[in-house]
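Asker: Prediction below, plus the sequence it came from.
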Amino acid sequence: MPTSKLISGYREFRDKFDSEHEVFERLAEEGQNPKVLWIGCADSRVVPELITGADPGELFDVRNIANVVPPAASAACATGAAVEYAVIHLNVSHIVVCGHTDCGGIKALEATPDPGNQPHITSWLELARPARDHVLRSDIAEEDQYLETIKTNVLVQCENLRSYPCVADGEQSGGLSIHAWLYDLHTGRILAFGDTSGQWNPVAEQQP
């Protein structure tokens, strides 16, 4: 049996489900119509709906180790299937690739996992290795390389997204936008990468 906290939380949800039944009935009857595909890390501390305040039906959510998007040529890829479904069938307008500070997947790149007992982790993280290789070739100070690799990995995965014909076509037509975000666990802030500025800046600041 799951923890008592989960069971208690489920009871609270049932109360909310009953009190807001019209909302949930509409979602069940009319189907989903999200405008955003969120590709994030599976880290339990990074909860998209909590961070963004999104309601049920607003985010099409894909989470995996290190917020990776395998290139389109990858076979039998669950993340790739989700990308195609979101773009072609749900007609999302935005794709967010959101990394986060203290990412364990990126940290693991510093010491490659043992393929003998972690074959899936090992092969999966190879999809993020180009980010670390890029940083190691730069003149970034050693103490800054970990965070820079996290940021670079987000940008690498955004480029992988563009290898999907449906994404490339949507972006070219102007109907689809890709956003590179970074969530800071210590501050709760989100930084967004600006293609024009080449800088990471806060998505929104609290008003004084």
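Answerer: Alright, I've got the coordinates.
Asker: Tell me where the chain has helices.
Answerer: Assigned by DSSP state H, the helices in the chain fall at 4-19, 21-30, 48-52, 78-84, 104-107, 119-125, 129-136, 145-161, 165-173.
Asker: pLDDT below threshold where in the protein?
Answerer: The chain contains residues with pLDDT under 70 at 1, 76, 205-208.
Asker: domain assignment for it?
Answerer: Listed domain ranges for the chain are 1-31, 33-202 (source: automatic domain parsing).
Asker: So which of the helices of the chain is nearest L59?
Answerer: Evaluated with CB to CB, these place helix 48-52 nearest to L59, the distance being 5.7 Å. Where you see a C-beta, it was placed from the backbone N, CA and C, and this is true even at glycine.
Asker: In terms of secondary structure, what does the closest one contact?
Answerer: In terms of contacts (3 or more CB pairs under 8 Å, 6 or more residues apart in numbering; DSSP states H and E), helix 48-52 is packed against strand 59-64.
Asker: Tell me how many other residues crowd Y164.
Answerer: Y164 has 20 neighbouring residues, counting by other CB atoms under 10 Å.
Asker: and it, what does it touch?
Answerer: Residues in contact with Y164 (CB atoms under 8 Å, 6 or more residues apart in numbering) are 72, 80, 83-84, 87.
Asker: Dump the residues you listed into CSV; add neighbour count and distance to N160 as well.
Answerer: Output for the contacts of Y164, formatted as CSV (neighbours: other CB atoms under 10 Å; distance: CB to CB, whole Å):
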residue, neighbour count, distance to N160
A72, 18, 8
G80, 21, 9
V83, 25, 10
E84, 16, 13
V87, 24, 14
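Asker: any idea how far T152 lies from A66?
Answerer: 12 Å (CB to CB, to the nearest Å).
Asker: repeat for F193
Answerer: For F193, the distance to A66 - CB to CB - is 17 Å.
Asker: So the two - more neighbours on which side?
Answerer: Between F193 and A66, A66 has the larger neighbour count (other CB under 10 Å), namely 27 against 18.
Asker: Distance of that one relative to E29?
Answerer: With CB to CB as the criterion, A66 and E29 are 37 Å apart.
Asker: rewinding a little: burial-wise, tell me which of the domains of the chain comes out on top.
Answerer: Greatest average neighbour count among these goes to domain 33-202 (a mean of 16), per mean count of other CB atoms under 10 Å.
Asker: Endpoints of it, how far apart?
Answerer: 28 Å (CA to CA, to the nearest Å).
Asker: what's in contact with stretch 141-158?
Answerer: 39, 66-69, 97-101, 103, 106-107, 109-110, 128, 130-132, 134-136, 138, 140, 178, 180-182, 193, 200.
Asker: OK, contacts around the residue most central in space within the chain?
Answerer: Centroid-nearest residue in the chain: G40, 1.8 Å away (criterion: CA atoms, centre = their mean). Contacts for G40 (CB under 8 Å, 6+ apart) come out as 46, 48, 61-63, 67, 96-100.
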